[in-house]
Every structure is written in structure tokens, then in C-alpha cells.
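Trainee: here you go, sequence then predicted model.
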Amino acid sequence: MKENWEIKKLDEVCDTINGLWTGKKEPFIKVGVIRNTNFTKDCKLDDADIAYLDVEVKQFNQRKLKYGDIILEKSGGSTNQPVGRVVLFEKKDGDFSFSNFTSVIRIKDKSVLSFKFLHKYLSFLYFTGYTERLQSNTTGIRNLDFNRYKKTEIPIPPLPVQETIVKELDILHRLKELQEQQLAEYDNLAQSTFYSMFGDPIENEKGWEVRKLGEVCDTTSGGTPSSKRTEYYDNGTINWLRSGEVNKIFITESELKITEEGLNNSSAKMLPINTVLIAMYGATVGQVGILKFEASTNQAICGILPNDYLNPVFLYFTLFFHKPYYLELAMGGAQPNISQTIIKNTNVIFPPLSFQTDFANRIEKIEAQKELVKQGIAETQLLIDYTMDKYFG
């Protein structure tokens, strides 16, 4: 932060307005209401699923969003996501408001302070943990100390300087967005390559041989050593995966490790490289990955052991396209789970192994390109962090 920049408290340069509840007294008006779910982790507004609710006309007239408003998340959050995210409202048409878990920050004099500059600065405070220090935890909901937040010091350089900083950061963010789009396009290329070579693995319009997965593959599941026995975990050297880590095609590391004693005194067991993993429980049902190192797993993961009939990369994509089927079955029970029996009864197409291998080689080239893009994204993020710290730190 530059020494010659003017410093003002947030409530000196901005008005704040609390959010609204759904309507109780007529007359009502149906408006789009921005909620916490419309805030991304990058402090951007996701307007894909804005809720349209009947609210009181009187309440709405006092809380209609205006172009350039900043919406602050002041209640909600989670263990890994503190409150304090801010998003910009840049719509010029339509009737929109904001929920009672949020508040609006509205600049008093835009000839002195740019709303885009202020949003960048408040985002920086969130990313660097400032709002986490201002939150309290009540009955599982995190609340921002809004009175203290309103006393936050805001740097105010000359308006042309603000605009230069915003432009510099916007260029970097746009670069990151393009890189993320490129990453998504590589994922689409991989999926379209599968469809081009093999067709829909469920409809099987190309007429491949079909067999139950359990007829040609051995499966197993893992276990969890007792958390009451510290000797099962302390100084462990054996990789141990939980279902939340089954979240990409090639799994190369585990967050936790267990000891030999923990392995021997639980249902956990070692799985070889190229085991295809599929999550069976809870929010991760149907997620698939390929083990690229020897590891054990908890009981929420089914391991499909490698064999000479199915290439693991081919099998990964086959099961990936079955995820909606698994989710449908999971939702049909008391708990959102699937079993090894369901997995073993999955109908799997069997094209020639040479076709599967050819496909796997193509995917490995795509994955190599994705890694380069990921490195580029990481480098761009470092530039963003450096630039924000240069101006705001």
C-alpha cells in the first residue's frame, strides 16, 4: 500500500444495507435474490441459479440492487470457507435484491472511489484471512462482525491510479479464465475421443461385447483403523486414501498415512498401481480415479483390481459415464450409497484391448497437456497474488 494514499474507514466512504427476507405482507413482487450460493470462491457472482422469490414491495424498494453495488457475505461459511466473500453486481436491467445473509456496500461518491477498485481490495482482505479473524461461530453458522468490518481502513489512491490497478488485475484474471477454459476444453476432448472411438458405453450403439464387470474383474474395499489408537497413524508410512480424494483421473498422492500396525488391525489393504477406484458413499458417490502408486483406502472406496482384459484408462472413462446411473441408484436408498454388488453388476463394453490401449495413449497425451496448462494457471495465480500484495499489502 502506498504511503501517500488517503485512508478512510469503509463506513466513511460507503453506505451499507442489510438483506431482505421473503415476503410476509402484501403487496408482493417477484425479484431475483442474490444468495450465498451465488458467490464463487474467487469472489465472483455466479448468476446461473439466482432464486426468484416473492418479496414485500416496501422491503424491495429499499433494497433494490444498483449497478456497481458490492454484495458482502456476512453469515454462512464453513470450516474451509470463512465468511466475508464479496461480489460485484454489474447488471443494469432487471429487478434484483439480496438475501438476509448478505449486505450491500454502496459507494457514496464514485468520483472518488471506484467500485471495481474497492471490490479488488475487499477481495484481497478476504483471500488473506482478514475476514476470518472477524467471524464468530454460532450453532454451526459463521457470522461476520459487521460493525468491526465497517471500520476497515480503505486505501484511496487517485482515481486514475485505481483504474490502472483494476486494469492490471483484470488482465491477469482474464488470462487465468482463458487457461481454465482451455483446461475444460481438454476434458471435453477426452470425453469426445471416447465417444468417437467407442460410442455411448451405456447405449452401446456400436454393438461391442457386453459383460458384467464382476465377471472379469476382482473388486475389494478398504477400512479405517481406529482413530482412538494413535499408533495406527503417528509416523505412518503407508498411503491411505479417503473417498474425497477420488477426484481426478490419475491419483498420485494421499493426504493421510497409516502405520503397518494400523493396516494389520483394520480392513484396509494394499492396492496395486492401476487399480481403478470408485467412491461408494455420500457426496462422492460415483467419482472415479486410477491409482498411480500403491496405497490403501477406507471402506467408502471400491478398488477394481487391474487385469489383462480392461485397460484402466478405458475402464475409468467407462465408469465415469456411468456416474448418473450410480447416483440414481444411490438416491433410491435410505443413505446415498452404492455397494460393490452394484458396481460388479455394471454392464461394461469390451472392445478389443488394442483399441483400449490406443485410446489410453491418446488420453495420456491430453493429460500431459493439461498438466502444462495447470502449471500456467498456478503461475498466473502467483502473478495475481504478487500484484495484489504489491498494491494492497
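Mentor: Yep, that arrived.
Trainee: every contact and neighbour count from this point should use C-alpha atoms.
Mentor: OK.
Trainee: tell me the SS of E3?
Mentor: Reducing the assignment to helix, strand or coil with DSSP: H, G, I helix; E, B strand; the rest coil, the entry for E3 is coil.
Trainee: can you get me the start-to-end distance on stretch 84-104?
Mentor: This stretch, stretch 84-104, spans 12 Å end to end (Cα to Cα, to the nearest Å).
Trainee: which parts of it are buried?
Mentor: Neighbour counts using 16 or more other Cα atoms under 10 Å place 84-89, 95-104 of stretch 84-104 among the buried residues.
Trainee: where does the prediction get shaky in the stretch 51-200 of the chain?
Mentor: Per-residue confidence for the stretch 51-200 of the chain (pLDDT under 70) gives these ranges: 138-140.
Trainee: cool, the stretch 201-350 of the chain as well?
Mentor: Filtered on pLDDT under 70, the stretch 201-350 of the chain yields the residue ranges 332-335.
Trainee: so which residues of it form strands?
Mentor: Ranges of strands within the stretch 201-350 of the chain are 209-212, 219-221, 238-241, 250-251, 256-258, 276-279, 288-291, 296-297, 301-304, 347-350, based on DSSP state E, counting those that start in this stretch.
Trainee: now, the most widely separated pair of the buried residues of stretch 84-104?
Mentor: The widest separation within the buried residues of stretch 84-104, taken as Cα to Cα, falls between G84 and D95 and amounts to 24.4 Å.
Trainee: still on that earlier bit, which of the strands of the stretch 201-350 of the chain sits most buried?
Mentor: For those, ranked by mean neighbour count under the definition mean count of other Cα atoms under 10 Å, the leader is strand 276-279 at a mean of 28.
Trainee: and the contacts of it?
Mentor: 243-244, 246, 285-291, 300-306, 312, 315-316 (Cα atoms under 8 Å, 6 or more residues apart in numbering).
Trainee: repeat that with 7 Å
Mentor: When contacts are defined by Cα atoms under 7 Å, 6 or more residues apart in numbering, strand 276-279 is touched by residues 243, 246, 285-291, 300-305, 312, 316.
Trainee: could you check how far G94 is from K41?
Mentor: Using Cα to Cα, we find G94 at a distance of 25 Å from K41.
Trainee: one more: N143?
Mentor: Applying Cα to Cα, the value for N143 to K41 is 17 Å.
Trainee: what about those two, which has more around it?
Mentor: For N143 versus K41, the count of surrounding residues by other Cα atoms under 10 Å is larger for N143: 21 against 11.
Trainee: and the helix or strand hosting that one, which strands flank it?
Mentor: For N143, the host element (DSSP states H and E) is strand 141-144. For strand 141-144, sheet partners with direction are given as strand 75-76 (antiparallel), strand 135-138 (antiparallel), following DSSP bridges.
Trainee: list the buried residues in the next helix or strand after it.
Mentor: Moving toward the C-terminus from strand 141-144, the first helix or strand encountered (DSSP H and E) is helix 146-149. Applying a neighbour-count criterion of 16+ other Cα under 10 Å, the buried positions in helix 146-149 are 146, 149.
Trainee: okay, now the sheet partners of whichever helix or strand comes after helix 146-149, with direction.
Mentor: If you walk from helix 146-149 toward the C-terminus, the next helix or strand you reach (DSSP H and E) is strand 153-156. Looking at strand 153-156 with DSSP bridges, its paired strands and their directions are strand 6-9 (antiparallel).
Trainee: quick one: name whatever helix or strand follows the strand it pairs with.
Mentor: Scanning forward in sequence from strand 6-9, with DSSP H and E defining helices and strands, the next element found is helix 10-13.
Trainee: what average pLDDT does that next one get?
Mentor: The predicted model gives helix 10-13 an average pLDDT of 97.
Trainee: helices or strands next to the next helix-or-strand element following it in the packing?
Mentor: In the C-terminal direction, the helix or strand that comes right after helix 10-13 (DSSP H and E) is strand 14-18. With contacts taken as 3 or more Cα pairs under 7 Å, 6 or more residues apart in numbering; DSSP states H and E, strand 14-18 sits against strand 102-107.
Trainee: and the angle for the strand it packs on with strand 14-18?
Mentor: 160 degrees (axes from the mean of the first three to the mean of the last three Cα atoms, to 10 degrees).
Trainee: right, and the helix or strand after strand 102-107?
Mentor: Later in the chain than strand 102-107, the nearest helix or strand by DSSP H and E is helix 115-127.
Trainee: and that following helix, what's buried?
Mentor: When burial is assessed from 16+ other Cα under 10 Å, helix 115-127 yields the following buried residues: 115-127.
Trainee: mind giving me the domain ranges of this structure?
Mentor: Taking automatic domain parsing as the criterion, the chain consists of the domains 6-157, 209-350.
Trainee: roughly how far is the longest one from the heart of the chain?
Mentor: This means domain 6-157. Between the centre of domain 6-157 and the centre of its host chain there is 21 Å, according to Cα atoms, centre = their mean, to the nearest Å.
Trainee: what about it, start to end distance?
Mentor: Looking at domain 6-157, the gap from its leading to its trailing residue is 6 Å under the measure Cα to Cα.
Trainee: could you do the last one as well?
Mentor: Counting by Cα to Cα, you get 5 Å between the two ends of domain 209-350.
Trainee: stretch 270-283 now?
Mentor: By Cα to Cα, the extent of stretch 270-283 from end to end equals 24 Å.
Trainee: again with stretch 280-296
Mentor: Across stretch 280-296, the terminal residues are separated by 15 Å (Cα to Cα).
Trainee: contact partners for the residue nearest to K108 when sequence neighbours are not counted?
Mentor: Nearest-residue entry for K108: C14, 5.1 Å, with adjacent residues in sequence omitted and distances by Cα to Cα, 6 or more residues apart in numbering. Residues in contact with C14, defined by Cα under 7 Å, 6+ apart, are 105-108.
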